[in-house]
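Undergrad: pasting the structure only:
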Ligand SMILES: Nc1ncnc2c1ncn2[C@@H]1O[C@H](COP(=O)(O)OP(=O)(O)OP(=O)(O)O)[C@@H](O)[C@H]1O
Ligand SMILES: O=C(O)c1ccc[n+]([C@@H]2O[C@H](COP(=O)([O-])O)[C@@H](O)[C@H]2O)c1
């Protein structure tokens with residue numbers, strides 16, 4: 001079985017994440033994609049929403065896709081979510097699965113700085129997708145990453161969780177940047193500084 005892992009902070013999950021996962025699934029015939037929110041993201045500020053809410057939003061966003069699942073291993077483990085630790089854990093729990101880690105172009109360029117990256121590429125490959133604002137040039141990657149990053153075509157969307165949080169705190173619409181179900185979750189829970197309110 002071929003599984004893509006879509007790791008992220010998902011603060012909140014948006015359509016860029018969903019398109020990336022679907023492009024990877026479609027391009028490489030993945031049987032499933034597991035969405036895995038980090039607890040504390042490495043090399044980035046701690047998320048604004050709790051792990052429970054970020055996992056809840058992910059579950060809402062992917063509920064209608066037959067091949068998408070959530071994976072709460074990093075939220076449960078706590079601490080800083082280094083991918084090398086996670087991959088070693090899941091490798092022993094899910095023997096025989098061929099794992100591919102899905103990342104946007106910004107993360108492809110950042111791969112050489114990942115903890116234990118040389119060991120990590122010996123365990124699994126990466127699927128990279130384009131993202132506006134980040135040049136995707138595999139030629140500039142160090143030799144140990146050559147052939148380890150496969151590319152999936154996706155319609156590029158210039159959306160980030162940062163922009164969504166900023167729009168919410170300044171009272172602007174985020175409709176269509178996230179699924180309706182995520183929008184409802186944010187309103188129901190009063191996340192990112194908005195007043196909680198019923199959505200029914
Ligand atoms: N619009 C997008 N297009 C393609 N890939 C994306 C897009 N947004 C995020 N990704 C990728 O999804 C993964 C998880 O991203 P993350 O949850 O940090 O979202 P983000 O929008 O980059 O968040 P933030 O703005 O808070 O930094 C990363 O590999 C990232 O490159
Ligand atoms: O292990 C690392 O050193 C590492 C460094 C940067 C990012 N990652 C992982 O890459 C995924 C996307 O990261 P982010 O910061 O865009 O949410 C997420 O699963 C992170 O845990 C992992």
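TA: Now that the structure is in, tell me what you want to look at. The structure presented is a predicted model; accordingly, all values stated were derived computationally and were not measured. Ligands and ions are numbered 1, 2, ... in the order given.
Undergrad: hey, let's count contacts and neighbours off CA atoms from now on
TA: OK.
Undergrad: Need the residues that contact stretch 23-43.
TA: Residues outside stretch 23-43 that contact it (CA atoms under 8 Å, 6 or more residues apart in numbering): 1-10, 21, 46-47, 51, 54-55, 58, 67-82, 102, 127, 129, 152-154.
Undergrad: Show only the entries of those residues found in helices.
TA: In this view, those that belong to helices under DSSP state H are 21, 51, 54-55, 58, 73-77.
Undergrad: Can you name the residues of this protein sitting close to ligand 1?
TA: Contact residues, the chain versus ligand 1 (CA under 6 Å from any ligand atom): 7-11, 16-17, 20, 103-107, 129-131, 157-162.
Undergrad: From those residues, list the ones also adjacent to ligand 2.
TA: Checked against ligand 2 using CA under 6 Å from any ligand atom, the residues of the chain next to ligand 1 give the following subset in range: 7-9.
Undergrad: Now neighbour count and pLDDT too, for those residues, in a markdown table please.
TA: A markdown table is the format used below for these (neighbours: other CA atoms under 10 Å; pLDDT from 0 to 100):
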| residue | neighbour count | pLDDT |
| --- | --- | --- |
| 7 | 21 | 98 |
| 8 | 19 | 98 |
| 9 | 24 | 98 |
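Undergrad: Which of those residues fall in strands?
TA: Among these, the members found in strands (DSSP state E) are 7-8.
Undergrad: Now render the ones next to ligand 2 among the residues of the chain next to ligand 1 as CSV, adding distance to residue 32.
TA: Formatted as CSV, these follow (distance: CA to CA, whole Å):
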residue, distance to residue 32
7, 14
8, 17
9, 20
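Undergrad: thinking again about what came up before, return a PyMOL selection command for the buried portion of the residues of the chain next to ligand 1.
TA: This is how PyMOL selects the buried members of those, with burial counted by 16 or more other CA atoms under 10 Å:
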select buried, resi 7+8+9+10+11+16+17+20+103+104+105+106+107+129+130+131+159+160+161
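Undergrad: Around ligand 2, which positions in the chain sit nearby?
TA: 7-9, 38, 41-42, 44, 81-84, 114-115.
Undergrad: Top of these by number of neighbours, please.
TA: Among the residues of the chain next to ligand 2, the one with the most neighbours (other CA atoms under 10 Å) is residue 38, at 30 neighbours.
Undergrad: just the ones in helices among the contacts of stretch 23-43 now: which is nearest ligand 2?
TA: The nearest member of these to ligand 2, counting by CA to the nearest ligand atom, is residue 74 at 8.5 Å.
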